[in-house]
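Chemist: Test case, fold it:
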Amino acid sequence: VHLVESGGGLVQPGGSLRLSCAGSGFAFSNYNVNWFRQAPGKERESVATISMAGSSTNYADSVRGRFTISRDNAKNTAYLQMDSLKPEDTAVYYCNVVVFDASKGWAPYWGQGTQVTVSS
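Modeler: Next up is the predicted model:
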């Protein structure tokens with residue numbers, strides 16, 4: 001299982017970014033995809049989740065209405081569109097899946113993370 005995030009960067013308050021998460025080594029379309037973030041000195045927190053077919057999504061209260069999670073199973077890629085960004089959105093953003101393996105059972109997998117900095 002391999003996850004690679006991209007799309008982070010420096011953006012001014014009120015700006016937008018789109019993060020991507022490319023998955024490989026597993027049946028991407030068979031699993032929910034989650035986005036988490038971790039700000040300096042804080043615990044990692046869930047941001048958004050999308051179901052296997054993309055028909056169901058959930059968001060943290062802090063990002064609902066500003067962030068949109070989506071996926072393209074043909075490309076084995078999930079996205080996080082972030083609009084109206086605030087300084088408090090500054091964090092490292094991680095893509096996550098929980099995959100079933102016959103020998104390990106259910107196990108979480110993480111990408112390397114991508115830094116998002118919102119600052120003027």
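
Chemist: which phi and psi does the residue at the greatest distance from the centre of the chain have?
Modeler: Here the chain reaches farthest from its C-alpha mean at S103, the gap being 26.6 Å by Cα atoms, centre = their mean. With angles defined as degrees, to the nearest 10, S103 sits at phi -90, psi -30.

Chemist: Okay, and C21 sits in which element?
Modeler: strand 17-24 (DSSP states H and E).

Chemist: The longest strand belonging to the chain pairs with which strands, and in what direction?
Modeler: Determined from DSSP state E, the single longest strand within the chain is strand 91-101. Paired neighbours of strand 91-101 in the sheet (DSSP bridges): strand 33-38 (antiparallel), strand 105-110 (antiparallel), strand 114-118 (antiparallel).

Chemist: partner residues bridging the spatially most central residue of the chain?
Modeler: The residue lying closest to the centre of the chain (Cα atoms, centre = their mean) is W35, at 2.6 Å. Applying DSSP bridges to W35 gives these bridge partners: A48, C95.
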